[in-house]
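Trainee: below is the sequence, then the predicted model.
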Amino acid sequence: MKRIFHSLLFLTFLIPFSIKAQSDERGYSEEVVYGINFNTNAGMIGGGMLRFSRAKGPKQYEGLYFELVNVKDSKEYKVRTVDSKAFIPYKTHYLIAFRPSYVREFVLFRKAAEEGIFVNFLTGIGPSLGMRKQYFVYYDESGNGDLVSKPYEQGMDITRISQSGLFSDGLGSMNYAAGIHARLALSLEFGQLKSSVAGLEIGFLAEKFAAKQQIMAYKPSDSFFTSAYITLYFGRKY
């Protein structure tokens, strides 16, 4: 897996210099977009993003990319209880990743300004901040039906768990870990007006933390994560 990460870092800098773009329209000078992230390390919605871009040349753009996502383990699943409540068995922690990035975009294809399509190649690299919070559950500790909210611990009897606790439980005792990430993606922009932006970003991301992050009990913790993702975004060009 480390070879994949190192290869991605290498490609982040190498591939852009080999791309030749064609254009039949004058490009934009600035762009601001925001979007919703869907990725293979999360559930239905992984998180959100915000990106600022500006022209660096006729076919190149640079900018800042901010992303906040929930990193899940591939073995996570929900269990429904008899009263239609739910919890995730053996989950010990949430892992939230904040990823500020420096990104470069290179125009691959651009059509007319109105009702056209932009296809850009995007690369990015930056630091990561991992925020790990204990997973709380409502637990029948005494066996008499009196529930208490407490962090899940390895060895708990899951038949005594009623449901997940509040996400706000344990926020004051978060652990933090520094890391680094890199991404490669294709950005497909659609729109009916020259100034509007609506599109998809489809890509691959690799992330490495300085310390191992435990998410599930009975599984070894890990410091390296990869994911494929799709981001649906909207915004404006200037």
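Mentor: Nice, thanks for sending it over. Numbering: from 1, shown residues only.
Trainee: which residues touch Ile36?
Mentor: 45, 47-49, 231-233 (Cβ atoms under 8 Å, 6 or more residues apart in numbering). Quick note: C-beta positions are derived from backbone N, CA and C, even for glycine.
Trainee: so which of those residues wins on neighbours?
Mentor: Thr231 (24 neighbours; other Cβ atoms under 10 Å).
Trainee: okay, and the helix or strand of this structure with the least pLDDT?
Mentor: helix 2-14 (a mean of 48; mean pLDDT, DSSP states H and E).
Trainee: okay, now the closest residue to Ser101 other than its chain neighbours: neighbour count?
Mentor: Leaving aside its sequence neighbours, Ser101 sits nearest to Gly126 (Cβ to Cβ, 6 or more residues apart in numbering; 3.6 Å). Around Gly126 there are 18 other residues, counting by other Cβ under 10 Å.
Trainee: re the thing from before, okay, the contacts of Ile36 in JSON lines with distance to Ile117, secondary structure and pLDDT next?
Mentor: Output for the contacts of Ile36, formatted as JSON lines (distance: Cβ to Cβ, whole Å; DSSP: H, G, I helix; E, B strand; the rest coil; pLDDT from 0 to 100):
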{"residue": "Ile45", "distance to Ile117": "25", "secondary structure": "coil", "pLDDT": "85"}
{"residue": "Gly47", "distance to Ile117": "26", "secondary structure": "strand", "pLDDT": "94"}
{"residue": "Gly48", "distance to Ile117": "24", "secondary structure": "strand", "pLDDT": "96"}
{"residue": "Met49", "distance to Ile117": "20", "secondary structure": "strand", "pLDDT": "97"}
{"residue": "Thr231", "distance to Ile117": "17", "secondary structure": "strand", "pLDDT": "96"}
{"residue": "Leu232", "distance to Ile117": "15", "secondary structure": "strand", "pLDDT": "96"}
{"residue": "Tyr233", "distance to Ile117": "14", "secondary structure": "strand", "pLDDT": "96"}
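Trainee: and which of the residues you listed is nearest Val82?
Mentor: Distance to Val82 across the contacts of Ile36 (Cβ to Cβ) is lowest for Ile45, with 27.7 Å.
Trainee: need the CA coordinates for stretch 199-206. PDB is fine.
Mentor: C-alpha atoms of stretch 199-206 as PDB (Å, rounded to 0.1, in the frame of the first residue of the first chain):
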ATOM      1  CA  GLY A 199     -20.300  19.200 -12.300                       C
ATOM      2  CA  LEU A 200     -18.700  16.000 -11.100                       C
ATOM      3  CA  GLU A 201     -15.200  15.400  -9.800                       C
ATOM      4  CA  ILE A 202     -14.200  11.700 -10.100                       C
ATOM      5  CA  GLY A 203     -10.900  10.700  -8.600                       C
ATOM      6  CA  PHE A 204      -8.700   8.700  -6.300                       C
ATOM      7  CA  LEU A 205      -7.200   9.700  -3.000                       C
ATOM      8  CA  ALA A 206      -4.400   8.300  -0.700                       C
END
